[in-house]
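> sequence below, structure please.
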Amino acid sequence: MPKRIFNFAAGPCTLPLPALEKAAAEFVDYNAAGMSLIEMSHRGKHYEAVHNQALDLLREVLGVPDTHEILLLQGGATLQFGMVPLNLRAEGKTFEYVNSGAWAKKAISDGKKVGPTRVVWTDEANKFTRMPQAAELKPGADAAYLHITSNETIGGIEFAGFPDTGSVPLVADMSSDILSRTIAFERFGLIYAGAQKNLGPAGNAVVIVRKDVLAASREDLPAYLAYKSHVPDKSMYNTPAVFAIYMMKLNLEWVKSVGGLAEMDKRAGRRSDLVYQAIDGSGGWFRSPVDKASRSRMNVVFRLPSEELEEKFIAEAGKAEMSGLKGHRSVGGVRASMYNAMPVEGAERLAQFMADFKKRNA
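Below you'll find the predicted structure:
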């Protein structure tokens, strides 16, 4: 059994050990072909099978209906900040955004470079400690789409439920909580997600777009930037991110084997509950700045009584084989990111460490 520490980093993420071990076993000689998959032609039978299996597993495990197309693109979620407005812009229409934190701001910034952009809700005055309630979001009559970020990894806030935007397409950056719960796809015109949180390693992005939204999308774009370019050849317009897609396939096989989305949802709740209970049961010694109704299950952020204690906490946690707990440089504090492949034992270890650390230092 290889040594495995608990990786609480916000991304790239922990991957399931069975997927890593299978990749290691197949890496040098894939399917007795005498070469690695990443050396083969992406038009050959070996990779074509992997590619199609990855798409089929995404549709099956996520429950994506036939009303939506699935695209596998490069550039991560960052490229989608620009591709969404480029493809969905329309004469007389305005891009609408929820400003929920750092990642929403990046999407807004790129939207403004493409066309008229309007922020319809923000919690910036309160340092982004909550998400809007569904009833607070009413798209305008001239909205091209309403864009939300379902989970903000830096602020540690997550949408508990999603708004019904009617005929206005709801667009969501789900990079950090996709594959952790069921999605009511009928509410979404487009969902995109960088892979390196719950889906697999960095290098691949998933775009799930409703067919009517796709049909209305622009064609007067450089080829790669147009969603329509990627549909006929099933996201093989150019050379795909072979290794990232292969690893995503192995990750999806693992998710399916342990119980699918229902089990991922259950584990996410169990992990985050353990750490939030440690925070709430500390008498205020550990404190979460986040409104309870918006607490993220993926990224638990908290503070200690002083920055000195936070530094000590992170250093001692590292020695106890828990890495990646330092909060984002823009906000400080502690952040425990617990994506799908983080064992519940990792959250148990962290919660116990928090209790022990308080006893030693309070």
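> low-scoring stretches of this protein, by residue?
Scanning the chain for pLDDT under 70 picks out 1.
> domain map for it?
17-256, 260-361 (automatic domain parsing).
> centre of the chain to the shortest one, how far?
Distance, stretch centre to chain centre, for domain 260-361: 18 Å (CA atoms, centre = their mean, to the nearest Å).
> quick one: end-to-end length of that domain, please.
Criterion CA to CA, to the nearest Å; first-to-last residue distance in domain 260-361 is 41 Å.
> and what of stretch 329-341?
Termini of stretch 329-341 sit 25 Å apart (CA to CA).
> tell me which residues in the longest helix along the chain are buried?
In the chain, with assignment by DSSP state H, the single longest helix is helix 260-280. Applying a neighbour-count criterion of 16 or more other CB atoms under 10 Å, one finds 260-261, 264-265, 267-268, 271-272, 274-276, 278-279 buried in helix 260-280. Placement of C-beta: from N, CA and C, glycine included.
> so can I have JSON lines of the residues you listed showing distance to Ser217?
As requested, the buried residues of helix 260-280 are exported to JSON lines (distance: CB to CB, whole Å):
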{"residue": "Gly260", "distance to Ser217": "31"}
{"residue": "Leu261", "distance to Ser217": "28"}
{"residue": "Met264", "distance to Ser217": "30"}
{"residue": "Asp265", "distance to Ser217": "31"}
{"residue": "Arg267", "distance to Ser217": "36"}
{"residue": "Ala268", "distance to Ser217": "32"}
{"residue": "Arg271", "distance to Ser217": "38"}
{"residue": "Ser272", "distance to Ser217": "36"}
{"residue": "Leu274", "distance to Ser217": "43"}
{"residue": "Val275", "distance to Ser217": "41"}
{"residue": "Tyr276", "distance to Ser217": "40"}
{"residue": "Ala278", "distance to Ser217": "46"}
{"residue": "Ile279", "distance to Ser217": "44"}
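> which strands or helices does the longest helix of the chain pack on?
Helix 260-280 sits against helix 45-62, helix 242-258, strand 299-302, helix 344-361, with contacts defined as 3 or more CB pairs under 8 Å, 6 or more residues apart in numbering; DSSP states H and E.
> among these, which is the most enclosed?
Mean neighbour counts were compared across those using mean count of other CB atoms under 10 Å; the top stretch is strand 299-302, at a mean of 26.
> give me the contact list for that one.
10, 151-156, 176, 272, 275-276, 279, 286-290, 327, 331, 333-338 (CB atoms under 8 Å, 6 or more residues apart in numbering).
> just the ones of those residues in strands?
When these are checked against strands (DSSP state E), the matches are Asn151, Glu152, Val334, Arg335, Ala336, Ser337.
> who wins for most neighbours among those residues?
For the ones in strands among the contacts of strand 299-302, the largest neighbour count, defined by other CB atoms under 10 Å, is 30 neighbours, found at Ala336.
> isn't that residue up against Leu325?
Yes: assessed by CB atoms under 8 Å, Ala336 is found in contact with Leu325 at 6.0 Å.
> overlap of the contact sets of those two?
Common neighbours of Ala336 and Leu325, using CB under 8 Å, 6+ apart, are Phe8, Leu350.
> ok, the spatially closest residue to Glu310 that is not a sequence neighbour - contacts?
Excluding its sequence neighbours, the residue lying closest to Glu310 (CB to CB, 6 or more residues apart in numbering) is Leu304, at 4.8 Å. Each residue near Leu304 by CB under 8 Å, 6+ apart is listed here: Trp285, Phe286, Glu310, Phe313, Gly333, Val334.
> so can I have JSON lines of those showing distance to Asn238?
As requested, the contacts of Leu304 are arranged in JSON lines below (distance: CB to CB, whole Å):
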{"residue": "Trp285", "distance to Asn238": "53"}
{"residue": "Phe286", "distance to Asn238": "48"}
{"residue": "Glu310", "distance to Asn238": "45"}
{"residue": "Phe313", "distance to Asn238": "46"}
{"residue": "Gly333", "distance to Asn238": "41"}
{"residue": "Val334", "distance to Asn238": "41"}
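> now the two most distant members of those.
Trp285 and Gly333 (13.5 Å; CB to CB).
> quick one: terminal-to-terminal distance for stretch 20-31?
Start and end residues of stretch 20-31 are separated by 16 Å (CA to CA).
> list the contacts of that stretch.
Contacts of stretch 20-31 (CB under 8 Å, 6+ apart): Met35, Ser36, Leu37, Met40, His46, Tyr246, Met247, Leu250.
> let me know the closest of the residues you listed to Ala134.
Met247 (34.5 Å).
> skipping adjacent residues, who's closest to Gly327 in space?
Gly333 (3.9 Å).
> kindly apply the preceding question to Ala320 instead.
Per CB to CB, 6+ apart, closest to Ala320 is Phe353, 5.9 Å.
> do His51 as well
His51 sits nearest to Ile245 (CB to CB, 6+ apart), 6.2 Å away.
> contact partners for the one you found?
Counted by CB under 8 Å, 6+ apart, Ile245 has contacts Val50, His51, Ala54, Leu72, Gly200, Asn204.
> these two touch, right, the second one and Lys234?
It stands for His51. Yes: applying CB under 8 Å, one finds His51 in contact with Lys234, separated by 7.1 Å.
> so where do the helices sit in the stretch 51-200 of the chain?
76-88, 102-114 (DSSP state H, counting those that start in this stretch).
> show me what the last one is packed against.
In other words, helix 102-114. helix 76-88, strand 94-99, strand 117-122, strand 143-149, strand 151-152, strand 170-173.
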